[in-house]
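Enquirer: Here is my input; please provide its structure:
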Amino acid sequence: MVDDKTKAWGEIPAPATHALPNGRGRHWKRYLAVGAAVLVLLKTLSTSYQPRRPPPRLPPTEAEQLFLTIPDGQRALATSREYATHPHLAGSNADFDDAKAVLKLFQEEFGIHPPHQDPIFKAGSHQSRHATLGLTGPLAPKHPTAWIDTYFPVLNTPLNHSLQLLNDEGHLVYEADLEEDGDPLDPEAAKYKDAVPAWHGLSFDGTATGEFVYANYGTQEDYAELLAKGTDLKGKVVITRYGRIFRGLKIKGAQELGAVGVVIYSDPRDDGYVTTSNGFAPYPHGPARNPTSVQRGSVQYLSLYPGDPTTPGYPAYEDAVREEAVNIPSIPSLPVSWRTAENLLPELRDGSELDSYPVLNGKVSTKKLRLVNHVDTKVTPIWNTMAAIPGHIRDEVLIIGCHRDAWVMGAADPTSGTVSLLEIVRGFGALLRQGWKPLRTVVFASWDGEEYGLVGSVEWGEDFHQWISKHAVTYLNVDVSVDGSRWNVAASPSLVDIIKKTALDVPHPTKPGLTLWDSRNDEGPFKGVPTEGSNQTYPTVRLGDKVTYFGNGSLISEAPEADIPALGSGSDFTVFLQRLGIASTDQGFGTTDSDAVYHYHSVYDTQRWQEVYADPEFKRHVAVAKHLGLLALRITDGVILPINTTRYSYELDRYLDRVENLAQDNLPSSSQPDFTNLRTSIKTLQEASIRLDAEKVEAEKKLRELFDKLPRGPHHHCGGKGVFRGLRRVYFRVKNAARSIFGLTPLERPIPWRIPHTPSEALALASSTDQPRPWGHQDGYRPPFPIRKFIKAAKRVQSANKKLKSFEQGFISEEGIKEREWYRHLGVAPGKWLGYGATTFPALTEAITFEKDVTLVKYEAERLTALIDRLAVVLEP
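Expert: This next block holds a predicted model:
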């Protein structure tokens, strides 16, 4: 019979064996040599043996102080230049090289000796399964580990494409140049302008010809307005501009109305104040948009389900059974530049325009567009690079991640995030070298395939969903850490307080005397009339033998304080939060109306643009690293998890207020739903959460009081001295090694009293249930007072933490959200027709706004009420 562990980890290969050689005829000298060796060993054990002592532990406050000294701007700049000066599309050779480079950094910083063969494992293999599941198993590693998981999703790459304007007779009037110009002033843009043609990831392979219509942003409201004007989209090519919603949903909306193709362009109206019409020169000669820039990007229907389109809900192993993809378009599309759009949109003018920009007038062109999009769609390997630092409490895990792949160079998206993540890695490496060990296990992830639809993180999340649900306490994400001046952060409401507290402890990156929290109100430097220097390349200094660009600092506004909003989708937190119910956060410095235009997913998302305009001294990269790393330390080393269920519980009142307003706007007055029971359930949850607050405060207080009473001297139960103690240690090591070969649990043995240096370490020792008992007692031995009471107090803290950790999971419904069951979080999800933006109480909200079905509204309210009632029971101390 196969035991549960073998099922979880896969078949463990039998150890290699061979017949022993015949011992007859051995010379007596061999016996003499063996005997002499044994005597030397016994002598060494008896006279030279000294118990190994762990390095001194860093208290949490000292660990925080040391960590904050590590992230460094010049090193961050050098790292950015390493990763952001070449294309690294998911699944490419360069992407694989970067994955191995990150693996090497993990090994170097965490003191991991590289094995003879790179630890690169196919997802689903025993090695891949064990690398993650073994972190919390009975034979969990004591030291950091690092590896690469290889998944096999279906992706595509461009083959050839074209866009032609045809007259009534079908003759060519205009053919668009679909590639970016690659101005030589930006060396990487010039070098790689043709490396990755401008196309839509996961777009449909095909050709479309038809009259065309302008649809503004391509939102549901825009399409409804066109229909109200009598515009028929059947057989038409739709032209929309980027913005407001996820690009794939623009195509989905057009496809459902009968369109045969979609063209999406970047409109300068969305660039804020920094435009050529306001006197700013286009990049790379100034901060305005380069008119040839094109936004690549996935057109997957993100709000339906993310990840590999052919394996929804289960991991994309090499031999996975594939399903027909239903979350990608069935009509072709192309991304184009503003310069291309300028040559098409005049066909749709009707005289109502106030300027050269188009309006939503419903006019259909007389000429036709011919759109060609040919792609190579195939199973493509991608590589998640992972690392883990084992904690004292190994069954609680904090995960920190950033994706690594880019559409071209991606200096901002995602290299800025990678730079910040790797500065955190260096900080944690410095802590390890000073004797620090986290209270909880920390996992680092460099995700792959995010740009196609969060593929790497989703496949890992689907692969290890049970393990994540059982062990993960939070997921911390960074994607674009810097593309502008203003710090943005979004999170589960339960993390808002610890995020704000930590932001108040991190200095503002460019303004002395202020904090990172203040930078939520920052603005870019380009306000008012352009000055003489606005369109100049800024003065330079040298970093080593390379040029560094320095731009203007950001300015502080007096904008009112803003709340931390809920998470929608669009990055790697999605699977953790909205499918598995793990409290999550995401952050980064974003663009404002007065920042240099960020060329999103363009060949102009380059190192030069980052150094000239976004973050010349890489201080913002460092600020994100400091905040995210400090946040990780406070979560992983806190005796009580800093998860605020009460704030979240009261936030639900506001969610319901919005639902009631939507019901009044969308449902007949005679059919208004009654949300009294749901409101009552929320109140019950709030009361339970307040009681849990009191319990967790009292539990930690008691633990700290008893910690001060713990014995501080040696307290051995091993017995024996010198050679006998050494032999006993050897005996247990050998016997446990033999047992491990057969997958058996290691034997317990008395071990010396280990003096805990902090309440956190004492908590770890006291709450350890599957390791040797921390005070050396065997079955039948009762530890002395106050150790018994301390263990009881530790279990009390452990119980409170379990409730805190499971709070977000309480919003998970196995039934999921109607018509997009992959999403299971009934508290928050990406909007059905938004993709990026969050919708709170999504199933209930959509029953009101889209279905307008009173019966369905009642059902969803009852489902949410029952879920919150169960959650209140879980929270009760």
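Enquirer: what pLDDT does K696 get?
Expert: pLDDT recorded at K696 is 95.
Enquirer: So it sits against L804, correct?
Expert: Yes: at 7.3 Å, K696 and L804 qualify as touching, with contact defined as C-beta atoms under 8 Å. Just so you know, the C-beta spots here come from the backbone N, C-alpha and C atoms, and that holds for glycine as well.
Enquirer: Can you pull the residues that touch both of the two?
Expert: Residues touching both K696 and L804 by C-beta atoms under 8 Å, 6 or more residues apart in numbering: I640.
Enquirer: Any stretches of this structure with poor pLDDT?
Expert: The model of the chain has pLDDT under 70 over residues 1-56, 529-562, 711-757, 762, 765-786.
Enquirer: which residues in the stretch 401-550 of the chain form strands?
Expert: 440-447, 472-482, 486-491, 522-523, 540-543, 546-549 (DSSP state E, counting those that start in this stretch).
Enquirer: First residue to last residue on stretch 358-370, what's the distance there?
Expert: Start-to-end span of stretch 358-370 (C-alpha to C-alpha, to the nearest Å) is 21 Å.
Enquirer: Pull out the buried residues from that stretch.
Expert: 358-363, 365, 368-370 (16 or more other C-beta atoms under 10 Å).
Enquirer: can you name the two of these that are farthest apart?
Expert: Across these, no pair lies farther apart than V359 and R370, at 24.9 Å, counting by C-beta to C-beta.
Enquirer: hang on, the earlier thing: just the ones in helices from the buried residues of stretch 358-370, please.
Expert: Taking DSSP state H, every one of the buried residues of stretch 358-370 sits outside helices.
Enquirer: okay, those in TSV with distance to V425 next?
Expert: Below are the buried residues of stretch 358-370 laid out as TSV (distance: C-beta to C-beta, whole Å):
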residue	distance to V425
P358	47
V359	50
L360	48
N361	53
G362	54
K363	55
S365	53
K368	54
L369	48
R370	49
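Enquirer: just curious, which of these is nearest to L421?
Expert: If you rank these by distance to L421 using C-beta to C-beta, P358 comes first, at 40.7 Å.
Enquirer: Contact partners for that closest one?
Expert: Going by C-beta under 8 Å, 6+ apart, P358 touches 214, 345, 348-349.
Enquirer: Same question for G427.
Expert: Contact analysis of G427 by C-beta under 8 Å, 6+ apart lists 67, 70-71, 625, 629.
Enquirer: on contacts alone, who are the packing partners of the lengthiest helix in the chain?
Expert: If you go by DSSP H, the chain has its longest helix at helix 676-707. Applying 3 or more C-beta pairs under 8 Å, 6 or more residues apart in numbering; DSSP states H and E, one finds that helix 676-707 contacts helix 645-666, helix 759-767, helix 787-806, helix 854-875.
Enquirer: now, of those, which is deepest in the fold?
Expert: helix 759-767 (a mean of 24; mean count of other C-beta atoms under 10 Å).
Enquirer: Show me which residues of the longest helix of the chain are buried.
Expert: 678-679, 681-686, 688-689, 692-693, 695-696, 699-700, 702-704, 706-707.
Enquirer: ok, which stretches of the stretch 151-300 of the chain are strands?
Expert: Remark: strands assigned in the stretch 151-300 of the chain by DSSP E, counting those that start in this stretch are 154-166, 172-175, 200-201, 206-214, 237-241, 261-265, 297-298.
Enquirer: neighbouring strands for the last one, and are they parallel or not?
Expert: So the one you mean is strand 297-298. According to DSSP bridges, strand 297-298 forms sheet pairs with strand 200-201 (parallel).
Enquirer: Give me the distance from the strand it pairs with to the chain's centre.
Expert: Distance of strand 200-201 from its chain centroid, counting by C-alpha atoms, centre = their mean, to the nearest Å, is 21 Å.
Enquirer: what sits against E814?
Expert: Counting by C-beta under 8 Å, 6+ apart, E814 touches R824.
Enquirer: go on, T209?
Expert: 166, 237, 260, 368-371.
Enquirer: coming back round to it: what's the closest of the helices and strands packed on helix 676-707 to T310?
Expert: Closest to T310 of those is helix 854-875 (C-beta to C-beta; 30.1 Å).
Enquirer: just checking, next helix/strand downstream of the longest strand seen in the chain?
Expert: For the chain, the longest strand by residue count, based on DSSP state E, is strand 364-379. Per DSSP states H and E, the first helix or strand lying C-terminal to strand 364-379 is strand 382-389.
Enquirer: can you give me the offset of that next one from its chain's centre?
Expert: Here strand 382-389 is found 13 Å from its chain centre; the criterion is C-alpha atoms, centre = their mean.
Enquirer: just stretch 606-621 next, same as before
Expert: In terms of C-alpha atoms, centre = their mean, the centre of stretch 606-621 is found 22 Å from the chain centre.
Enquirer: Check what contacts that stretch and list those residues.
Expert: For stretch 606-621, contacts defined as C-beta under 8 Å, 6+ apart pick out 73-74, 76-77, 80-81, 84-85, 186-189, 283-284, 287, 409, 411-412, 416, 419-420, 423, 481-484, 487, 509-510, 537-538, 548-551, 589, 595-596, 598-599.
Enquirer: mind saving the C-alpha coords of it as CSV?
Expert: This file holds the C-alpha atoms of stretch 606-621, laid out as CSV (Å, rounded to 0.1, in the frame of the first residue of the first chain):
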residue,chain,number,x,y,z
THR,A,606,14.0,50.8,-21.4
GLN,A,607,16.9,51.3,-19.0
ARG,A,608,17.5,54.7,-20.4
TRP,A,609,13.9,55.9,-19.8
GLN,A,610,14.1,54.5,-16.2
GLU,A,611,17.4,56.3,-15.5
VAL,A,612,16.4,59.6,-17.2
TYR,A,613,12.8,60.0,-16.0
ALA,A,614,11.4,57.4,-13.7
ASP,A,615,14.0,56.9,-10.9
PRO,A,616,17.4,58.4,-11.8
GLU,A,617,19.1,57.4,-8.5
PHE,A,618,17.0,54.3,-8.0
LYS,A,619,15.9,55.6,-4.6
ARG,A,620,12.3,54.5,-5.3
HIS,A,621,13.4,51.0,-6.2
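Enquirer: Pull out the buried residues from stretch 297-312.
Expert: Within stretch 297-312, the residues that count as buried by 16+ other C-beta under 10 Å are 297-312.
Enquirer: Now the two most distant members of those residues.
Expert: The distance between the two most remote of the buried residues of stretch 297-312 (C-beta to C-beta) is 21.5 Å, for G297 and T311.
Enquirer: Who are the packing partners of the longest strand of the chain?
Expert: strand 154-166, strand 206-214, strand 237-241, strand 261-265, strand 333-336.
Enquirer: The last one - contacts with which helices or strands?
Expert: For strand 333-336, the elements it packs on are strand 154-166, strand 200-201, strand 261-265, strand 364-379, judged by 3+ C-beta pairs under 8 Å, 6+ apart.
Enquirer: if we can go back for a sec, P144: which of the contacts of T209 is nearest?
Expert: P144 lies nearest to L371 out of the contacts of T209, by C-beta to C-beta, at 50.7 Å.
Enquirer: Could you pull up the contacting residues of that closest one?
Expert: Counting by C-beta under 8 Å, 6+ apart, L371 has contacts 162-163, 207-209, 237, 261, 263, 332-334.
Enquirer: on that earlier part again, as TSV, the strands of the stretch 151-300 of the chain with distance to P668 would be great.
Expert: Below are the strands of the stretch 151-300 of the chain laid out as TSV (distance: least, C-beta to C-beta, whole Å):
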stretch	distance to P668
strand 154-166	45
strand 172-175	50
strand 200-201	41
strand 206-214	33
strand 237-241	33
strand 261-265	35
strand 297-298	39
